[in-house]
Each structure stands twice: as C-alpha cells, then as structure tokens.
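# fold the following for me, if possible:
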Amino acid sequence: MMNKLLEKYFRGETSLTEEKELKHYFSTGNVSPEHEMYRPLFEAFEHELKETVIRPVPEALTEQKKVKRIWFQSFAITGIAATLLLLLWIKLPRTSDNFALIGGNRIDNTEYVQRYTTKKLNKVNIILARSMKPMQSFNKVRKQMEPLQSLSDVRDKMEDLQDKLQFK
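From the prediction side, this is the model:
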C-alpha cells in the first residue's frame, strides 16, 4: 500500500489527503526499513513548515527597488554633468593656442619667442662646450698614451717567450 502511494507521490499524482497520509506515516516512528531512505525528505518538509520568515517579501522587493533607483539616479546625474561640461567646452571663448610665458608675461608673438628660445639655447650650448673642454684634453692624453700601451703588450709577449724558452 505505502509503496504504491510513494510511487504515485513521486509521479506527482497524489491528492492532498494522500500527501497528509504520507507525512503522518513518516512522522510516526513506525516506518518500515525499505521506506527509511525517504524519511529525511518528509522530515525536511515538516521542518520547512515550522520555519518563520526573517523579513517579508515586500520589504525585500522595496529594498531592491531602492538599489535600482540609486543606480538610475547616479547615471542620470553623471549624464547631466557630462552634458554641462560639453556645453561649457563648446561655448567658452577660444584663445590663441600659440603663446609662451617669459618671465611671467604672456607673449603671443611667435617670431619673438623663437628668437628668444634660440638665444637661450645658444647660451646653454656654450656652457656645455666649456664644461666639456676638460674631457677633450683627457681624450688627447689617452690618445697619446696608446703607443705606451702597445709597448706594454710587447713587453708582456717577450716575457711569455722567455718563460717558454726556459722550460725547454
């Protein structure tokens, strides 16, 4: 009898009274060993009936709506801010792009700025050339020492030959 009722239950064909009968069967201690494996399933159903809701579903839904509203508001505000920045960028008067600041003064004359820059760069070039003179003299000394280096190499080779002759 219980086997047929269980088969019917798992096919989803039981009525409410038959389901109550199954729940009652598994809630009592008189469950046959062949049906013992289904006991945790029906106990879980009983346990779920006894559980209480932590917070009602409408509260959870309103909280989700609040989060969506915050996202929507933030996107709307950033869109408005971007639009305002774009309008300011388009409407602001344009100034000349070619200017230089010399001594804290704005200079719009490009020819004057080029002459001034050339003059300053020439001064830097002169300073660098003066600071490099000691290096040039060092290079001259090194070039003059090169023959001595080759003499040193010749002396080393002669000593090697003497050592080889002594061993023979």
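# which strands and helices sit next to the host helix or strand of residue 137?
According to DSSP states H and E, residue 137 maps onto helix 110-167. Counting contacts by 3 or more CB pairs under 8 Å, 6 or more residues apart in numbering; DSSP states H and E, helix 110-167 is packed against strand 100-102. All C-beta spots, glycine's among them, are computed from the backbone N, C-alpha and C.
# sheet partners, orientation included, of the next helix or strand after the strand it packs on?
Later in the chain than strand 100-102, the nearest helix or strand by DSSP H and E is strand 105-107. Here strand 105-107 has these sheet partners by DSSP bridges: strand 100-102 (antiparallel).
# pLDDT on the strand it pairs with, on average?
For strand 100-102, mean pLDDT is 84.
# for the chain, give me the ranges with low pLDDT.
Residue ranges of the chain with pLDDT under 70: 47-65, 67, 93-96, 148, 167-168.
# mind giving me the domain ranges of it?
The record, using automatic domain parsing to delimit domains, assigns the chain the ranges 2-50, 97-168.
# and among the ones you listed, the most buried is which?
Highest mean neighbour count among the domains of the chain (mean count of other CB atoms under 10 Å): domain 2-50, with a mean of 12.
# and that one, how far out from the chain middle?
Distance, stretch centre to chain centre, for domain 2-50: 54 Å (CA atoms, centre = their mean, to the nearest Å).
# thinking again about what came up before, okay, the domains of the chain in a markdown table with distance to residue 68 next?
What follows is those, written out as a markdown table (distance: least, CB to CB, whole Å):
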| stretch | distance to residue 68 |
| --- | --- |
| domain 2-50 | 30 |
| domain 97-168 | 46 |
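# wait, which of those domains is closest to residue 90?
Closest of the domains of the chain to residue 90 is domain 97-168, at 16.6 Å (criterion: CB to CB).
# what about residue 87, how many residues close to it?
Residue 87: 10 surrounding residues under other CB atoms under 10 Å.
# and it, how far from residue 80?
For residue 87, the distance to residue 80 equals 11 Å [CB to CB, to the nearest Å].
# joint contacts of these two?
When contacts are counted by CB atoms under 8 Å, 6 or more residues apart in numbering, residue 87 and residue 80 have no shared neighbour.
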